[in-house]
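Colleague: Need a 3D model of the following:
(one chain, ligands or ions: 1)
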Amino acid sequence: MASPGLAPLARRVSLCRVCFETPRGRPLPHEPRPVARLSETARLCIAGQAPGTRVHASGAPFTDPSGDRLRHWLGIGDDVFYDVSRVAIVPMGLCFPGLDAKGGDLPPRPECRATWHDSLFAAMPQLKLVLVIGRYAQAYHLPHLKGAGLTEIVGNWRSILSESEERAGPAYLPLPHPSWRNNTWLRRNPWFEDELVPELRRRVAQLLQP
Ligand code: SF4
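Modeller: As a prediction, the model looks like this:
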């Protein structure tokens with residue numbers, strides 16, 4: 001549920017059928033089911049990629065092993081993670097985009113970013129920290145880093161964080177996607193768990209204080 005000021009926008013999002021009825025290219029292969037947590041009070045926002053099959057079925061974001069790992073990184077449990085008054089969740093594709101020929105998730109639908117994201121983030125000016133998860137969210141929230149790879153972007157987390165703190169609006173902290181697909185990346189970059197995750201937990205705990 002969105003807070004009152006966001007209600008009209010949240011309602012329009014919940015009824016969105018752009019990718020089904022007027023798509024760019026092939027239509028969404030199923031009925032749209034936008035999955036987001038919009039909030040006028042949350043100071044923390046998780047900006048992810050798009051729902052997968054399990055989230056499409058559940059209608060709740062990160063109800064999968066990726067979510068378990070993300071909550072571990074954040075140092076919070078389900079009760080806090082799903083408290084929309086404290087945590088907003090806005091993936092780059094609000095609906096499950098479907099599967100490719102190899103059974104992998106398709107990229108987030110570009111219609112979503114073009115239709116909704118500027119309005120959604122403009123309607124949540126209270127956000128203090130946006131966790132920018134994966135390359136699609138990084139391309140939107142950190143456009144000045146266009147062309148940089150995951151290791152370069154996440155490896156520069158300190159400067160990205162401090163530079164964004166000097167500007168108006170929320171601070172940005174880039175993260176890899178918590179999917180098992182990044183297990184090799186995580187093994188090769190132990191600084192992520194050793195240095196970034198403790199700072200992430202510290203900031204999240206501070207933001208989530210009443
Ligand atoms: S993915 Fe986004 S633009 Fe496409 S139908 Fe869902 S909410 Fe609408």
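Colleague: Would you map the strands across this protein?
Modeller: In the chain, the strands defined using DSSP state E lie at 44-47, 87-89, 129-133, 171-175.
Colleague: Specify the angle between the last one and strand 129-133 in degrees.
Modeller: Strand 171-175 and strand 129-133 are oriented at 30 degrees to each other (axes from the mean of the first three to the mean of the last three Cα atoms, to 10 degrees).
Colleague: Go through the strands of the chain and name the closest to residue 181.
Modeller: For the strands of the chain, the distance to residue 181 is smallest for strand 129-133, at 12.8 Å, taking Cβ to Cβ. C-beta here means a position set from N, CA and C on the backbone, and glycine is covered the same way.
Colleague: CA atoms only for that closest one - export them in CSV, please.
Modeller: Provided in CSV are the C-alpha atoms of strand 129-133 (Å, rounded to 0.1, in the frame of the first residue of the first chain):
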residue,chain,number,x,y,z
LEU,A,129,19.3,6.4,0.5
VAL,A,130,18.7,4.4,-2.7
LEU,A,131,20.3,1.0,-3.0
VAL,A,132,21.0,0.7,-6.7
ILE,A,133,20.9,-3.0,-7.5
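Colleague: and that strand, what other elements does it pack with?
Modeller: Contacts defined by 3 or more Cβ pairs under 8 Å, 6 or more residues apart in numbering; DSSP states H and E place strand 129-133 against strand 44-47, helix 134-141, strand 171-175, helix 197-207.
Colleague: Give me the contacts around it.
Modeller: If you take Cβ atoms under 8 Å, 6 or more residues apart in numbering as the criterion, strand 129-133 is touched by 43-49, 70, 138, 141-142, 170-178, 200, 203-204, 207.
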